[in-house]
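> no sequence for this one, just the structure:
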């Protein structure tokens, strides 16, 4: 064995007060890694549990599981940006474009959902999903928190008058997706929303406390002026913003419309939400990086698409 490597191995285990001989002896009993054990193929392929007998439900389940894996990839990149106090322009741009590519895949993949399931089958097995809803994806909610400041995620009806220094609790109650399950006149929440909050609200508030000042938009504004004016970085930020809040949302919207707009009548989502106004970008005007868009672009956000 290369003496340099053995010296490095010994130094590694000495640094953590471990007996290097014991670890080397362990290698005698370990088996070589193979693809199926490394990827955990058997476990992965046994995570699809149908609730009905319709074959296309399997497409629906696997498609959403793939989405969640891509969301995890996005969050990993965001975490690296958030925790890098000396991030440079090139690294920032590279990470943003990585994130954008994941969302490019997510956007194009909606054809699997839109054209890959039988409409009749879907509208039968979807009833067994009630009251679950797509807005209950905790990872996607975290992606939004890690992308921009909370004020940009406030329901548009309250955004202009909302106190930026409001408590996290109050901000949470006015996030745009609350509209998917809350009557603001009475304050009553659907079971779908209440169940989601019961599972994740405390976790979300802890998450936002860190990301309120470490989200992509805040990190960008903390860069040197020359970096903030870098054309490649600006284009990368705009591409990400438009991809997530227009292209991906509209791909989702058009897929939902394909299945839920039946004979000219819009069906209710499984979670009971007004999904048209909740999803369509022209209603909420979700924009992660508002200063990177012109006033005209903001006014026309979500229109003519």
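Alright, I've got the coordinates. Please read these numbers as outputs of a predicted model, since none were measured by experiment.

> got the contact list for the residue sitting nearest the centre point of the chain?
In the chain, the C-alpha nearest the mean C-alpha coordinate belongs to residue 140, at 2.6 Å (C-alpha atoms, centre = their mean). Listed by C-beta atoms under 8 Å, 6 or more residues apart in numbering, the contact partners of residue 140 are residue 71. For every residue, glycine as well, the C-beta is placed using N, CA and C.

> which parts of the helix or strand where it lies are buried?
Element membership of residue 140, judged by DSSP states H and E, is helix 138-147. Neighbour-count burial for helix 138-147, with 16 or more other C-beta atoms under 10 Å as criterion, is recorded at 140-147.

> for those, which one is nearest residue 185?
Residue 185 lies nearest to residue 141 out of these, by C-beta to C-beta, at 24.2 Å.

> my guess is the closest one contacts residue 201, does it?
No - using C-beta atoms under 8 Å, residue 141 makes no contact with residue 201, being 10.4 Å away.

> pLDDT below threshold where in the chain?
Applying pLDDT under 70 to the chain flags residues 1-2, 262-278.

> for it, which segments are assigned as strands?
261-262, 265-266 (DSSP state E).

> just checking, residue 253 touches residue 279?
Yes - applying C-beta under 8 Å as the test, residue 253 and residue 279 come out as touching, 4.7 Å apart.

> higher neighbour count, those two?
residue 279 (22 against 19; other C-beta atoms under 10 Å).

> which residues sit in contact with the more buried one?
Applying C-beta under 8 Å, 6+ apart, the residues contacting residue 279 are 249, 252-253, 256.

> among these, which one sits closest to residue 178?
Among the contacts of residue 279, and counting by C-beta to C-beta, the member closest to residue 178 is residue 249, at 17.0 Å.

> number of residues surrounding the closest one?
Counted with other C-beta under 10 Å, residue 249 comes out at 19.

> and residue 26, by the same measure?
Neighbours of residue 26 using other C-beta under 10 Å come to 9.

> sorry, back to before: the residue nearest to the centre of the chain and residue 153, how far apart?
Plainly put, residue 140 is 12 Å away from residue 153 if you go by C-beta to C-beta, to the nearest Å.

> tell me which residues of the lengthiest helix in the chain come out buried.
Ordering each helix of the chain by length in residues (DSSP state H) puts helix 56-82 first. Residues 56-57, 59-61, 67, 70-71, 74-75, 77-78, 81-82 are the ones in helix 56-82 that count as buried (16+ other C-beta under 10 Å).

> for stretch 171-186, same thing?
Those would be 171-182, for stretch 171-186 by 16+ other C-beta under 10 Å.

> and which of the residues you listed is nearest residue 25?
residue 172 (52.6 Å).

> ok, the closest one touching residue 202?
No - between residue 172 and residue 202 there is no contact under C-beta under 8 Å: 10.3 Å.

> now do the helices for the stretch 1-150 of the chain: every range, in order, please.
Remark: helices assigned in the stretch 1-150 of the chain by DSSP state H, counting those that start in this stretch are 3-15, 20-29, 35-39, 41-44, 56-82, 89-108, 110-115, 119-125, 138-147.

> the second one packs against which elements?
What it means is helix 20-29. helix 3-15 (3 or more C-beta pairs under 8 Å, 6 or more residues apart in numbering; DSSP states H and E).

> who are the neighbours of the helix it packs on, in terms of helices and strands?
helix 20-29.

> how far off centre is the helix it packs on?
41 Å (C-alpha atoms, centre = their mean, to the nearest Å).

> need the residues that contact that helix.
Under C-beta under 8 Å, 6+ apart, the answer for helix 20-29 is 9-10, 12-14.

> stretch 86-106 too?
By C-beta under 8 Å, 6+ apart, stretch 86-106 touches 67, 70, 73-74, 77-78, 80-81, 84, 216, 219-220, 223, 226-227, 230, 232-233, 236-237, 239-240, 243-244, 247-248.

> quick one: residue 303 from residue 255, how far?
Counting by C-beta to C-beta - residue 303 and residue 255 are separated by 20 Å.

> tell me which of the two has more neighbours.
Neighbour count, other C-beta under 10 Å: between residue 303 and residue 255, residue 255 has more, with 17 against 9.

> which residue is the nearest non-sequential neighbour of that one?
Take residue 255 and drop its neighbours on the chain: the residue closest to it by C-beta to C-beta, 6 or more residues apart in numbering is residue 114, 4.3 Å away.

> hang on, that neighbour packs against residue 257?
No - with contact defined as C-beta under 8 Å, residue 114 does not reach residue 257; the gap is 9.2 Å.

> what about residue 83, neighbour count?
If we define neighbours as other C-beta under 10 Å, then residue 83 has 10 of them.

> ok, now which ones touch it?
Here residue 83 is in contact with residue 214 (criterion: C-beta under 8 Å, 6+ apart).

> confirm for me that residue 72 is in contact with residue 137.
No - using C-beta under 8 Å as the test, residue 72 is too far from residue 137 to be in contact (11.2 Å).
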